[in-house]
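1. Pasting the sequence and the predicted coordinates here, then a few questions.
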Amino acid sequence: MADRGASAMSLPEDWPAHPDPILALNRMGTFDWDLDTGLFHMDAQAYQVFDLLPEEYDGRPESLIVRVPQPEAARLDAVVARAIKDGSENYGTYFRIRRRDGTPRWTHTQGYIRRDDSGRPRRVVGIVRDATEELADSGTRSLRAAQDEAFRQQTNIVQVVSAALAHARTVRDVIDVLKDTHGIRRLGATSLVMGLVEAGRIRVVAEAPVGSFVPAGSQVNRIDEPYPMSEVVRTLVPRFIESPEEFADGYPILWPYLTDLHITSAAYLPLIAQARPIGAMGLLYSDRRGFSTEERAVLVALGSSIAQSLQRAMLYEQEKDLAQGLQQAMLPRTIPSVRGADIAVRYRAATAGGTLGRDIGGDWYDLIPLPGGRVGAVIGDVQGHDTHAAAVMGQLRIVLRAYAAEGHTPATVIARASVFLHELDTDRFATCLYAEADLSTGVVQAVRAGHIDPLIRHSDGTCCRVPVEGGLPLGLSAEFSRLEYPVSTLELDPGHTLLLCTDGLVEQPGTDLDDGMERLTALVTDGPEDVRELADRLIQLAEERGGDDDVALLLLRRRTPEAARTGGRLQQHVVPGDPEALTHARHMIRAAVRSWGADDRADEIELVADELITNALMHTEGSAIVTLRALDDGERRLRIEVEDSSSALPRRREAGEEGVSGRGLLLVDLLADVWGVEARGGGKAVWCEFRLDG
């Protein structure tokens, strides 16, 4: 029982209360407890119940500890404190005392709480009596039932807290469960502190209420420092502190920070997982003294449950870090800037309810710069949500990028990627959409392998779904020998935006895919014009919605030229042995050069073009495709491409004094501003560019 006041205060005039003789006749002792002074008066019969002599008692309730064991005193004190706090008028309970000869005696007490006009408790007047014979008879069963109920309530604490912790995925989730006001109340504590072991130190990760008692500068402590959490981590033994005096004597450095909380007892528990300490937790109480054997067992079990939850959360976070590291390594580290386009890409990991490894998946995006002002945009999704899906995604992304860079047509790129995935040692398939955009003309060639359709947002803000004829997903088309992928041609005007995404942005449980596409179309229509802001908005909405699927998103907006000029694109096939085709090609070049305002360089351009065409016809077995483009993206240029079916690369050679052959590439190198060779599927294209004035 607790000291409730200072003896220096005056006692009531009617203190102590005079016992009724009838009570004494029934072997009932009386007491009068003045809460202001803390004095606890007993009559002669009460002395007999406690087996005390008057000279052995100093009038202080804490002195009864010689007869009332600490666990019983703590339980009795909790009953009184609860009655006072709840505004009750009375209380009653059974408790055990230890008689002079050491034998136990069951005792019963009832108290009446007297309050002043403001409702503040001032005195407790009551009786105590020997209940040994009573409980030895039929009442024993009810007492045992009451004890069983109390133990069930204590055990329920572990069950309730463990149930709340079962939903915790991360260390922060575990901390939030324990820091929550309801969590502390469930634990029956006034305050809580938790620390985790890190590199031989204990770092405080939670205290509730916040700022309640952790000393400034003591957020991180060595394990050998004189703090209770350090002690239980060193010894792996719980530390139960049963009184303020014991706390102050044992931990004089920490105690001054707890005085404002009126702490009366505390339990510090080591958090042990797989026979090693991972942290410690302290529960501090202001309404109890001491802990019974059952209460200690319950708290130890609680510490074990919390430790298991923490270890599970730590393992989850480690697995998540590894998985996300793999995911990020598989995705492009940077997205190249593309002349004439604004690009935005985003990725959002799944949230899969705590399953390790499911916070990643096989969704990916990629942007591939291609020759001639073209760019390849890729969006894809490998089946599954685990590290294996991420690994397959990385391999598939690299292979698809390589096929596109070799110059294959979009249909060939997708077909070869499907064969690669089929031959890979995996049972996964993938959906994919590959779009090759010519930013100078706005022509987009799209191929779809089981993926959802793209969207196009127009310059006026309206958005529409663009149907793209598709084939089977990658891997499956190779397995079923259906590698034919139709190509759909789209028009992307200046100011229009192409949107590619995975189904995680569209699909929701229990809803139709078409409905999801309509919702996405409406969101894009109402979204900001800037592609980066629009991408952020869409990913934010996906985060708010949650879901167990990851999301990849790619936006490509064709930029409006700052100063539009008349340009164009011309193409001519030249067949070997057809002099008319060669003549037509020369006429086409001459007319285009003059119409595009390049008169000052006309002779140079015609000479270089003629040299490239002649080399293609002389040194390859097939025809040549001549393409002229007028490019204007801030700098006016004319580009010539001569494509053939040979993979052999041209070589510059030094011609002898009498030699005629070998001077072609030297001439190209001398006259053109820049030139090069690009792979084009099974062949190549030799290209050059000329800068134009004005």
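-> Now that the structure is in, tell me what you want to look at. Keep in mind that this is a model prediction, so the values were computed, not measured. Residues are numbered from 1 along each chain as shown.

2. going forward, measure contacts and count neighbours with C-alpha atoms only.
-> Noted.

3. Tell me which residues are up against stretch 234-250.
-> 223-224, 228, 232, 255, 263-270, 272, 277, 289-291, 300 (C-alpha atoms under 8 Å, 6 or more residues apart in numbering).

4. how about a cut-off of 6 Å?
-> 232, 255, 264-270, 289-290 (C-alpha atoms under 6 Å, 6 or more residues apart in numbering).

5. Out of these, which is nearest to residue 336?
-> residue 270 (52.2 Å; C-alpha to C-alpha).

6. Quick one: list the elements packing against the strand or helix carrying that closest one.
-> For residue 270, the host element (DSSP states H and E) is strand 265-273. Applying 3 or more C-alpha pairs under 6 Å, 6 or more residues apart in numbering; DSSP states H and E, one finds that strand 265-273 makes contact with strand 239-241, strand 276-285, helix 293-330.

7. Let's see that with 7 Å instead.
-> Here strand 265-273 touches helix 228-235, strand 239-241, strand 276-285, helix 293-330, going by 3 or more C-alpha pairs under 7 Å, 6 or more residues apart in numbering; DSSP states H and E.

8. Quick one: buried ones out of the contacts of stretch 234-250?
-> Buried members of the contacts of stretch 234-250, scored by 16 or more other C-alpha atoms under 10 Å, are 232, 255, 264-270, 289-290.

9. Tabulate these (a markdown table), appending pLDDT.
-> Compiled in a markdown table, the buried ones among the contacts of stretch 234-250 are given as follows (pLDDT from 0 to 100):
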| residue | pLDDT |
| --- | --- |
| 232 | 91 |
| 255 | 85 |
| 264 | 87 |
| 265 | 89 |
| 266 | 90 |
| 267 | 91 |
| 268 | 93 |
| 269 | 92 |
| 270 | 92 |
| 289 | 76 |
| 290 | 76 |
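
10. Distance to residue 596 added to the residues you listed, as CSV?
-> Formatted as CSV, the buried ones among the contacts of stretch 234-250 follow (distance: C-alpha to C-alpha, whole Å):
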residue, distance to residue 596
232, 85
255, 88
264, 93
265, 91
266, 88
267, 87
268, 85
269, 84
270, 82
289, 96
290, 96
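
11. Now render the helices and strands packed on strand 265-273 as CSV, adding distance to residue 127.
-> Listed next are these as CSV, based on distance: least, C-alpha to C-alpha, whole Å:
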stretch, distance to residue 127
helix 228-235, 39
strand 239-241, 30
strand 276-285, 28
helix 293-330, 27
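
12. re earlier: for the strand holding residue 270, which strands pair with it and how are they oriented?
-> strand 239-241 (antiparallel), strand 276-285 (antiparallel) (DSSP bridges).

13. Let me know which of the ones you listed is tucked in deepest.
-> strand 276-285 (a mean of 22; mean count of other C-alpha atoms under 10 Å).

14. With only the CA atoms kept, save it in PDB.
-> What follows is strand 276-285, C-alpha atoms only, in PDB (Å, rounded to 0.1, in the frame of the first residue of the first chain):
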ATOM      1  CA  ARG A 276      20.800 -12.700 -28.800                       C
ATOM      2  CA  PRO A 277      19.600  -9.300 -27.500                       C
ATOM      3  CA  ILE A 278      18.200  -7.100 -30.300                       C
ATOM      4  CA  GLY A 279      16.900  -4.400 -27.900                       C
ATOM      5  CA  ALA A 280      15.200  -3.600 -24.600                       C
ATOM      6  CA  MET A 281      11.900  -2.100 -23.500                       C
ATOM      7  CA  GLY A 282      10.900  -0.300 -20.300                       C
ATOM      8  CA  LEU A 283       7.400  -0.100 -18.900                       C
ATOM      9  CA  LEU A 284       6.900   2.500 -16.200                       C
ATOM     10  CA  TYR A 285       3.900   2.600 -13.800                       C
END
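
15. isn't residue 112 right up against residue 88?
-> No: taking contacts as C-alpha atoms under 7 Å, residue 112 lies outside contact range of residue 88: 8.9 Å.

16. Compare neighbour counts for the two and give me the winner.
-> Taking neighbours as other C-alpha atoms under 10 Å, residue 112 and residue 88 compare with residue 112 leading, 17 against 14.

17. quick check, distance from the host helix or strand of residue 396 to the centre of its chain.
-> Following DSSP H and E, one finds residue 396 within helix 387-405. Chain-centre distance of helix 387-405: 25 Å, with C-alpha atoms, centre = their mean, to the nearest Å.

18. Same check on stretch 368-388?
-> 25 Å.

19. Same question for stretch 74-84.
-> Its chain's C-alpha centre lies 44 Å from the corresponding centre of stretch 74-84 when counted by C-alpha atoms, centre = their mean.

20. what is the mean pLDDT for the longest strand that the chain contains?
-> When the chain is scanned for its longest strand (criterion: DSSP state E), the result is strand 104-115. For strand 104-115, the mean per-residue pLDDT is 90.

21. after it comes which helix or strand?
-> Following strand 104-115 in sequence order, the next helix or strand is strand 121-130 (DSSP H and E).

22. Show me what the mean pLDDT comes to for the helix or strand following that next one.
-> The helix or strand immediately downstream of strand 121-130 is helix 132-136, counting by DSSP H and E. Computed over helix 132-136, the mean pLDDT rounds to 74.

23. next one: stretch 348-364
-> Rounded mean pLDDT across stretch 348-364 is 64.

24. ends of that stretch, how far apart?
-> End-to-end distance for stretch 348-364, by C-alpha to C-alpha, to the nearest Å: 10 Å.

25. Stretch 518-537 too?
-> Start-to-end, stretch 518-537 (C-alpha to C-alpha) is 17 Å.

26. Report the distance from it to the chain centre.
-> Counting by C-alpha atoms, centre = their mean, stretch 518-537 comes out at 24 Å from the chain centroid.

27. Flag every buried residue along it.
-> Taking 16+ other C-alpha under 10 Å as the criterion, stretch 518-537 shows 520-521, 523-525, 527, 529, 531-532, 534-535, 537 as buried.

28. Inside helices: which ones of those residues?
-> Members of these lying in helices (criterion: DSSP state H): 520-521, 523-525, 531-532, 534-535, 537.
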